[in-house]
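*Asks:* one predicted model, sequence on top.
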Amino acid sequence: MTWRIVPREEKFFELFDLQASHGYEAARIFKELVAGWNLDSPHFERLRDIEHEADIATHEIIDKLNRTFVTPFDREDIHELAGETDSIIDLIHSLSSRMQVYRVEKTTPELIEMADILSQAADNVRKAVAYLRQYENAERRILDYCIEINRLENAGDRLLLAALGKLFQKTGDTLEIVKWKEIYEVAEMAIDKCEHVANIIEGIVVKQG
Amino acid sequence: MTWRIVPREEKFFELFDLQASHGYEAARIFKELVAGWNLDSPHFERLRDIEHEADIATHEIIDKLNRTFVTPFDREDIHELAGETDSIIDLIHSLSSRMQVYRVEKTTPELIEMADILSQAADNVRKAVAYLRQYENAERRILDYCIEINRLENAGDRLLLAALGKLFQKTGDTLEIVKWKEIYEVAEMAIDKCEHVANIIEGIVVKQG
Amino acid sequence: MTWRIVPREEKFFELFDLQASHGYEAARIFKELVAGWNLDSPHFERLRDIEHEADIATHEIIDKLNRTFVTPFDREDIHELAGETDSIIDLIHSLSSRMQVYRVEKTTPELIEMADILSQAADNVRKAVAYLRQYENAERRILDYCIEINRLENAGDRLLLAALGKLFQKTGDTLEIVKWKEIYEVAEMAIDKCEHVANIIEGIVVKQG
């Protein structure tokens, strides 16, 4: 008979995976929504559901964190990782709700491109998180995902400035400018959140290394 | 003669109470201000005073935290609780200043309802904080206040979307839209801050439990 | 032969100094840019460079923090100090990019004054940070810089409200209002970040004291 001294904290990794999968799913659905823009799309409802499921997963992580003595990483890092991953999903859901409320009639090439970058960034977050449970053998691989997320965030930044430039110079209707300025900014904030998550993951890996 | 080994940290609880009371007072005054909207209301001055008093209380908590070795809860939780409670008051004060600067002429039913929700949420924060000093016997009660704050925040969220929907569809004047979009958003941020505080309190209670 | 038990963490202080110098440099360049406003100014490029250099310094601090066992201050404080100082520079750079993208044609007396306050605040941050390595003998001096930063932040706050009041009452063009509202708000956020940094420094000094 053997004793396990440190309890297996596999459950944390399962919950991280679940959250990161929700994040990618939300980004993927949003990309589809934007590509085939339609105010009656069932994708709005789907994003609401994902946001709700992600909230439950986040709450479960925080609750588990508060009740667990030995954790796989620093408590603070777990707290931040859960909160920031949840924020990616919140931002995507909130963006889709706003576009619906604003009765946005058609999409733009810039938003389609931003949604594509967001979906790639969320995919890389998901992959990096999946390797966290075996970080000892996957440090290089995890850091590569993080570098790719950084690259995507820089692309998102440049795209935002280009989109705003075009918006302010080509749009005559101030109300349209107000709406689209917010849409582009929130899309970029969601990409930015993916980079925050990448920074947290990088910190976890480097500390353990 | 008896010795107290752990110093009584009652002072922390008194300061938390004071902050949470300022929070409720600010929300209550704001609700009154909005219900009887008037650009010359003495309530603007009152909110400025509360914000100032709350700043002093927050500074006192942080200072005490930095100078105290044994604290009633995790240092980080105390720091966050103080900062986020202060943010509720900052947001309410900043919202009232903006409405004054924008020379808002009349209020809306949506803002009256948001101010009511905010005042209820701040009241529940105050009650939850008051029970923190005896959390061992009041865990269920504290968590019930937190659940109620969550419910109010969801109501605030839905109200914001409804208010924005009406604003964008019924208002012809873009400048009015710009002003009211910000007013509604900041009001919702203040309600959201009450939920952040509830989450911190929940974490404190669960960890100690 | 003598042994040094605690490794000298001089490198941390050098990196803090570097970051704080970048912060002051960015604020100084921005002040010059605003005073002699010109969409083709080489200062835009210079701000981009400083932002990039500051990013590298921040990354170096976080990396060093993750790899170092004994740190001169609480890990959390180092993390926050590095992140918030970097945010000052990010905000200044982002503000200049936005003004370029919005094709802002001329500056305003209010922005010139805000840029001056920002530059003074960033200068005080730099001085306070420079004394951190000898905080035992410089507590009073460091706290005086922090008090001055608080005073400047209050002045910035009042200036923002005055600038917005004038903007909303004197400007007929809603698009101009939308642009300048954001410009003033981001300038105030940069000043506000200097105050956050001052609060962190204050906490470090008081804890060690």
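*Replies:* Nice, thanks for sending it over.

*Asks:* what ranges does chain A have for its helices?
*Replies:* Applying DSSP state H to chain A gives helices spanning A:10-35, A:43-67, A:75-101, A:109-130, A:135-170, A:174-208.

*Asks:* check whether the shortest one comes near chain C.
*Replies:* No: applying Cβ under 8 Å from any Cβ of the partner chain, one finds helix A:109-130 out of contact with chain C, separated by at least 13.0 Å. To be clear about C-beta, it is placed using only N, CA and C from the backbone, and glycine gets the same treatment.

*Asks:* in chain A, what residue is nearest chain C?
*Replies:* Residue nearest to chain C within chain A: A:Val206 (4.2 Å; Cβ to the nearest Cβ).

*Asks:* tally of neighbours for the residue of chain A found nearest chain B?
*Replies:* Residue nearest to chain B within chain A: A:Asn66 (4.2 Å; Cβ to the nearest Cβ). Number of residues near A:Asn66 (other Cβ atoms under 10 Å in any protein chain shown) recorded here: 17.

*Asks:* how about the one 4 residues further on?
*Replies:* Here the neighbour count serves as a burial measure; for A:Val70 (other Cβ under 10 Å) it reads 9.

*Asks:* same question, the one 4 residues further on
*Replies:* Taking other Cβ under 10 Å as the neighbour definition, A:Asp74 ends up with a count of 15.

*Asks:* nearest spatial neighbour of it, skipping sequence neighbours?
*Replies:* A:Lys207 (7.1 Å; Cβ to Cβ, 6 or more residues apart in numbering or on different chains).

*Asks:* quick one: name the residues of chain A near chain C.
*Replies:* Within chain A, the positions near chain C by Cβ under 8 Å from any Cβ are A:76, A:161, A:164-165, A:168-169, A:174, A:177-178, A:181, A:199, A:203, A:206-207.

*Asks:* just the buried residues of the residues you listed.
*Replies:* A:161, A:164-165, A:168, A:174, A:177-178, A:181, A:199, A:203, A:206 (16 or more other Cβ atoms under 10 Å in any protein chain shown).

*Asks:* and which of these is nearest to A:Ile147?
*Replies:* A:Asn199 (11.5 Å; Cβ to Cβ).

*Asks:* show me what contacts the closest one?
*Replies:* The neighbourhood of A:Asn199, defined by Cβ atoms under 8 Å, 6 or more residues apart in numbering or on different chains, consists of A:146, C:62.

*Asks:* what do you get for A:Arg158?
*Replies:* Applying Cβ under 8 Å, 6+ apart to A:Arg158 gives no contacts.

*Asks:* per-residue confidence at it?
*Replies:* pLDDT, A:Arg158: 95.

*Asks:* what of the one 3 residues further on?
*Replies:* What the model reports as pLDDT for A:Leu161 is 95.

*Asks:* go on, A:Gly172?
*Replies:* Looking at A:Gly172, its pLDDT is 86.

*Asks:* separation between it and B:Thr171?
*Replies:* 19 Å (Cβ to Cβ, to the nearest Å).

*Asks:* who has more neighbours out of the two?
*Replies:* Ranked by neighbour count (other Cβ under 10 Å), A:Gly172 and B:Thr171 place B:Thr171 first, with 15 against 7.
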